[in-house]
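1. the following block contains a protein sequence and its predicted model.
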Amino acid sequence: MDPVNDRHHGSDVSSSGDTVNVEVTNYEKTQLGQAPLPAAPAPTPVVPITEKGYKSKEDKNDSSSDGEGEDPFGHLPEHEKSILKRQLDIPVVKVTYVMLYRYSTLNDKLIMALSAFSAIVGGALLPLMTVVFGGLTTTFNQFFLEQITKEHFNHELNRFSLYFLYLAIGEYVFVYIATAGFLYTGEHISGKIRENFLKAILRQNIAFFDQLGAGEITTRITSDTNLVQDGISEKVGLTLTALATFVTAFIVSFIKDARLTGILLSTVFAIVFTMGGMSGFIVKFNKASLSSYAEGGTVAEEVISSIRNAKAFNTERKLVAQYDAHLAVAEKWGFKMKAVTGSMIGFLMCYVYLNYSLAFWMGSRYLVGGRLKVGAGTTATVSRSNRLQGPTQSGQAQLARLH
């Protein structure tokens, strides 16, 4: 009988008693311990690595020449390739201050226009109080020198008191409108920014999140958007009010006494140079601090989301150390920012009091020489103090706006 190939049995006996030769498979040989050992794979060539973790220059050139012209998206259709490149290759866009208002509606713009007008008027009313104060000082001086009667003194006193009352009411109304209007629009616009930011994040390709963690997204939505909200709401009102106070105080000072105002003008240049030189460092350090906080937030978010794995592998100390490293960097930049901010505010307040001393010194000399009246000198001095406090408040308000 001819041999029969049977892949299921090693040997068998037919019903007639003849022996049937069969082929034994590798599986059966393996079960019997007779299978040949598999050939070992060829050893992978070792690529030399430099100290910084890169390939050597020769091997890098070889690998680049071998893979030159290869497109990682070459196996995809053209429309999918364009979509992936557009989503993964995100250009760096410089956002200007005006672009923060791109989500404002017509109603928001009208409210901001009314608020800006109110802030300017409220800032302009503050130096006018110095004019009333100077006139009141002149009235007291004339009364004590017996140049006016008591009835005239009482009449002038009542008149100036009403001026103070009217200015106080106007200041309250205009500043309230400016503050409430900018706060409303800032809240509305920042809410739109948060909403559109989250929509843009959810539209991204999955590879986009390889370099952007969940904690960083949360930090951007909360902390960074709060800074934007401060910069487009109440800080704008404070800045406009301070600038209006500054300009109006200049006008009042030059009208009352141009000579003394020109002498004290040097203090303004000192304030401008100080603010201009230190504001750049404050913005730079604050950005670095916020970036470190965002990276630390990503680490914390990922650890909390996989807390079971962190506990199972006993990596708590390592993860805490990694998070502390980000906090240490943020603390370093934050300390630098606060140090520069404190120095700037200290210099500005120093300039204000130096301006007071210079005004009193030169004003007293002009007063004794008969070239300056008491009321005009008082008005000019107090107006210049408001003029210097205006840029100080404006500089403090612009810090958050520049972030």
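-> Thanks, I have the structure now.
2. can you give me phi and psi for Val93?
-> Phi and psi for Val93, reported as degrees, to the nearest 10, are phi -110, psi 130.
3. count the residues that sit near it.
-> Look at Val93: counted by other CB atoms under 10 Å, it has 7 neighbours. (Each C-beta comes from the backbone N, C-alpha and C, glycine too.)
4. from Tyr101, how far out is it?
-> If you measure Val93 against Tyr101 using CB to CB, to the nearest Å, the figure is 16 Å.
5. with Phe281 instead?
-> Using CB to CB, one gets 27 Å for the distance from Phe281 to Tyr101.
6. the more surrounded of these two?
-> A count of neighbours by other CB under 10 Å puts Phe281 above the other of Phe281 and Tyr101, at 16 against 13.
7. in what helix or strand does that one lie?
-> Per DSSP states H and E: Phe281 is located in helix 266-305.
8. likewise Leu165?
-> Under DSSP H and E, the secondary-structure element containing Leu165 is helix 150-202.
9. that helix - contacts with which helices or strands?
-> Contact analysis of helix 150-202 by 3 or more CB pairs under 8 Å, 6 or more residues apart in numbering; DSSP states H and E lists helix 106-144, helix 225-232, helix 234-256 as its packing neighbours.
10. domain parsing for this protein?
-> Per automatic domain parsing, the structural domains of the chain span 1-33, 104-402.
11. pick the most buried one from those domains.
-> Sort these by mean neighbour count, taking mean count of other CB atoms under 10 Å, and domain 104-402 sits at the top with a mean of 17.
12. and that domain, what's its mean pLDDT?
-> When pLDDT is averaged over domain 104-402, the result is 82.
13. got a list of what Arg220 touches?
-> Contacts of Arg220 were listed using CB atoms under 8 Å, 6 or more residues apart in numbering, and they are 197, 294.
14. mind redoing it with 6 Å?
-> For Arg220, no residue meets the contact criterion (CB atoms under 6 Å, 6 or more residues apart in numbering).
15. for Gly122, same thing?
-> By CB under 6 Å, 6+ apart, the contact set of Gly122 is 171, 174-175, 241.
16. with adjacent residues omitted, what lies nearest to it?
-> Phe174 (3.7 Å; CB to CB, 6 or more residues apart in numbering).
17. hang on, the earlier thing: export the domains of the chain as a markdown table, with columns for distance to His79.
-> As requested, those are exported to a markdown table (distance: least, CB to CB, whole Å):
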| stretch | distance to His79 |
| --- | --- |
| domain 1-33 | 48 |
| domain 104-402 | 14 |
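18. looking at those, which is nearest to Glu80?
-> Proximity to Glu80 (CB to CB) singles out domain 104-402 among the domains of the chain, at 10.7 Å.
19. distance between the closest one and the chain's centre?
-> Centroid separation for domain 104-402 versus its chain: 16 Å, with CA atoms, centre = their mean, to the nearest Å.
20. would you check how far apart Ala249 and Phe174 are?
-> Distance, Ala249 to Phe174, by CB to CB: 17 Å.
21. residue contacts, the closest residue to Ala116 other than its chain neighbours?
-> For Ala116, ignoring the flanking residues on the chain, the nearest one in space by CB to CB, 6+ apart is Leu240 at 5.8 Å. The neighbours of Leu240, taking CB under 6 Å, 6+ apart as the test, are 116, 119-120.
22. name the nearest of those residues relative to Ser289.
-> Each of the contacts of Leu240 was checked against Ser289 using CB to CB; the closest is Ala119, at 29.9 Å.
23. the closest one reaches Thr239, doesn't it?
-> No - look at Ala119 against Thr239 with CB atoms under 6 Å: they stay out of range, at 8.3 Å.
24. pretty sure Ser104 sits in a helix.
-> No - counting by DSSP: H, G, I helix; E, B strand; the rest coil, Ser104 is not part of a helix but coil.
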